[in-house]
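# Need coordinates for the following:
(2 chains)
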Amino acid sequence: MPIHPAPHHSFDRDIIDRLRQDGIDRKKGEEQLFSSYAYFIEQARHNFSFSEDEAFNIYADTILAAISQITGGSFEERSSLKTWLHQIFHNKCVDLVRKKATNKNSVNRAMSIPDRLLQMADTAKSVIQQMMEKTDRELIKQKLREIGENCRQLLMQWAEGYSDREIAEAMAYKTADVVKTSRLRCLDKLRQSYKNT
Amino acid sequence: MVSNLELIEAYFNEELSAEQKSEFELRITADPAFADETAFYLSSKQAAASELEENRNRFKGIYQQYKQGNVQQVGKVTPIRKLWPWVAAAAVLAGIILGWYTFFQPVSPNELADRYIKENFQNLAVKMGGREDSVQTALRLYNEGKNGEALKYFETMIDRDTSFAEAKKYAGIVCLRLGRYDNAVRYFTRLENDTLFANPGKFYHALTLMKRNQAGDIDTAKQLLQQVVDLDLDEKEKAVEWLKKW
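Residues are numbered from 1 along each chain as shown, chains lettered A, B, ... in the order given. A predicted model of the protein is given here:
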């Protein structure tokens, strides 16, 4: 039996349609989506004792992930926008709680770049530092916007320190392994695009 | 067979044995293509983190507006029936006062700039989590009031990478807070010329002129704000609001 999308309020429809447009319409859709459920931020502060910045960042990441799924066509509209967004937001809140508890005693997975280089032997470190200085970071960012919305979101979430499992949950990938494969492909694509400039 | 990217990732995730780590580091010194791939891996992670930050910043303005709008909804729901005549009278009076204040009370561009700076630049958002790069370090210094030290950080970043838009933005903001308006204008002008998804350069340029308030500054600021509106740039809503007051 075919699964039919649940009937939606015209409010949801309006936002989704705007997000699937280009230019100013899309921007307005993004603003509308963000404002409509921004009260989640206050709820997270209350329920999880997050700071305002923490709650804001989680909510902004939720909206970015949602926009990526809506524009990429992977949001199947089986539930209302509110229910769906709340699920993504809640998962991210739980992840942060877990992360904060774990990071007290262990090395953070999302180690900063200078920390990562500190692990390296001096000769190798100096080679990498020189090469990184020559890299045009703004150009990488520009290419990041050109390789597709899904790749952009994947790499941004990875850079933020989310694990492949967390990304899989937020971006509706089947498994963490699929995220890893896709992420590395995106990185390769980004590099090729950068090199071909 | 493990790809180079998988190997690079395994190295930085501490998943290699001591022997494999040594091999990896030797390969970096001996194989420039591999070293380049490793450097790109790290640079792209930095770039993606910076892109995410810019994306989040896009929503900060919307969030501020949301909060301002929401404040009016927050209130005690109490025996309003008994008090309704008073509440209605107070609401009318408040409306008159607010209307007068909004439409007739002159607010100078300099005051508008002061308010904006106070609301938005008192503290700059530092990313959550354990990652710490130069931008985050500089922002922390700024938030601790060590503006001079923060500025040095941002200037060093710009010297190393002249296309580093985020550093230009923050360098401009720090200069603005330090009263070095000419330098702030220089950084924001450079930022304006960068191609970004959301570029506040022109708006900040106008803001600095409103704050500096020298001969001709306000007229130029007005023209810049009009461009922000016409080109649908970052902080368009605020530019519209200010232009209505002039």
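
# rest of the way, CA atoms for contacts and neighbours
Fine.

# Give me the pLDDT value at A:Pro2.
Looking at A:Pro2, its pLDDT stands at 40.

# That should have said A:Pro7, apologies.
pLDDT recorded at A:Pro7 is 44.

# Name the residues of the longest helix anywhere in chain B that come out as buried.
Identified as the longest helix of chain B according to DSSP state H is helix B:32-71. Of the residues in helix B:32-71, B:34-63, B:66 count as buried by neighbour count, 16 or more other Cα atoms under 10 Å in any protein chain shown.

# got the domain boundaries for chain A?
Using automatic domain parsing, the domain parsing of chain A gives A:9-102, A:113-195.

# need the next SSE after the helix or strand of chain A with the lowest mean pLDDT, C-terminal direction.
Least confident helix or strand, chain A: helix A:113-118 with a mean of 69, by mean pLDDT, DSSP states H and E. Later in the chain than helix A:113-118, the nearest helix or strand by DSSP states H and E is helix A:122-134.

# Also compute the angle for that next one relative to helix B:32-71, please.
60 degrees (axes from the mean of the first three to the mean of the last three Cα atoms, to 10 degrees).

# which residues are contacting helix A:122-134?
A:117-118, B:25-26, B:28-29, B:35-36, B:38-40, B:42-43, B:160-161 (Cα atoms under 8 Å, 6 or more residues apart in numbering or on different chains).

# right, and the helix or strand after that helix?
helix A:137-146.

# Identify the farthest-apart pair in the contacts of helix A:122-134.
Spatially, the most separated pair among the contacts of helix A:122-134 is B:Leu26 and B:Asp161, at 28.0 Å (Cα to Cα).

# shouldn't A:Thr175 be in contact with A:Ser163?
No - with contact defined as Cα atoms under 8 Å, A:Thr175 does not reach A:Ser163; the gap is 11.5 Å.

# which of those two has more neighbours?
Using other Cα atoms under 10 Å in any protein chain shown, the more surrounded residue of A:Thr175 and A:Ser163 is A:Ser163, with 17 against 14.

# Run through the residues that contact the more buried one.
Contacts of A:Ser163 (Cα under 8 Å, 6+ apart): none.

# what's the offset of stretch B:152-162 from the middle of its chain?
17 Å (Cα atoms, centre = their mean, to the nearest Å).

# what does stretch A:82-91 give?
Offset of stretch A:82-91 from its chain centre (Cα atoms, centre = their mean): 14 Å.

# just for chain B, where's the confidence low?
Within chain B, the stretches with pLDDT under 70 are B:1-2, B:70-84, B:100-106, B:127-132.

# Try it again at 80.
Scanning chain B with the threshold set as pLDDT under 80 gives B:1-2, B:68-87, B:95, B:97-107, B:126-133, B:195-198, B:245-246.

# Check chain A too.
A:1-10, A:74, A:99-119, A:170.

# Could you list which residues are in contact with the residue nearest to the spatial centre of it?
With distances taken as Cα atoms, centre = their mean, A:Gln157 lies nearest the centre of chain A, 4.0 Å away. Residues in contact with A:Gln157 (Cα under 8 Å, 6+ apart) are A:Ile167, B:Leu52.
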